[in-house]
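Colleague: here you go, sequence then predicted model.
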Amino acid sequence: MALDDKTGGTLSQDDIDKLMGGDSEGKKDAGLDQDKLAEDWAQALESGAEIEEGKPFDKTARKATFTELDETRPAAGPAKDLDFILDIPLEVTVEMGRTRMLINDLLQIGQGSVIELNRLAGEPLDILINNKLIARGEVVVVSEKFGIRITDIVSPLERVKRLA
């Protein structure tokens, strides 16, 4: 119950409904209308018919018709579409191998220490872009700098399998 500031008393639900612009009888009728509308929607969903608010729905379902889509390309072409992503920087990493170490072993490492990796000599190296395996390759030396020659591109199917 709500307090009435003028009389210091309480307002009944009917008084509140009148102040809000409705009455309890109107709410009962609205509830019945809502029930009828919900019933119409449920029947429409079951039968597959369309329903518009305020209109009765047709009890017969109709087959959907679609217009043919045109295969038109913009005049700019695919090269123009890719221009906006060409300046996005990516992190490229070449991974020789990995290993796990205890902190104690890590503290024992010094100059000249050898760390054993999980790869064999001559095995291809992984090429990762933003930490995702994209290709494999082998080390080459060009003008006294290391490089990598791509020998295998990872298939999209294999990339998806590695996500799991």
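Modeller: It's in.
Colleague: what about this structure, any weak spots by pLDDT?
Modeller: For the chain, applying pLDDT under 70 flags the ranges 1-9, 20-32, 48-61, 71-80, 164.
Colleague: for residue 126, helix, strand, or coil?
Modeller: Recorded secondary structure, residue 126: strand (DSSP: H, G, I helix; E, B strand; the rest coil).
Colleague: that one bridge partners, please.
Modeller: Beta-bridge pairing for residue 126 (DSSP bridges): residue 95, residue 136.
Colleague: now do the most centrally placed residue in the chain against residue 136, distance only.
Modeller: Closest residue to the average C-alpha location of the chain: residue 163 at 14.9 Å, with CA atoms, centre = their mean. Applying CB to CB, to the nearest Å, the value for residue 163 to residue 136 is 18 Å. For the C-beta atoms, the positions are set from N, CA and C on the backbone; glycine is no exception.
Colleague: follow-up on the earlier one: so how far is residue 99 from the residue nearest to the centre of the chain?
Modeller: 24 Å.
Colleague: which stretches in this structure count as helices?
Modeller: 13-19, 24-47, 77-82, 103-107, 156-163 (DSSP state H).
Colleague: can you tell which of these is closest to residue 130?
Modeller: Distance to residue 130, taken as CB to CB, is lowest for helix 156-163 among the helices of the chain, at 12.3 Å.
Colleague: export that closest one to PDB, keeping only CA atoms.
Modeller: What follows is helix 156-163, C-alpha atoms only, in PDB (Å, rounded to 0.1, in the frame of the first residue of the first chain):
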ATOM      1  CA  PRO A 156      43.100 -24.400 -43.300                       C
ATOM      2  CA  LEU A 157      41.800 -27.700 -42.000                       C
ATOM      3  CA  GLU A 158      45.000 -28.300 -40.000                       C
ATOM      4  CA  ARG A 159      44.800 -24.700 -38.600                       C
ATOM      5  CA  VAL A 160      41.200 -25.400 -37.400                       C
ATOM      6  CA  LYS A 161      42.300 -28.700 -35.800                       C
ATOM      7  CA  ARG A 162      45.100 -26.900 -33.900                       C
ATOM      8  CA  LEU A 163      42.500 -24.500 -32.400                       C
END
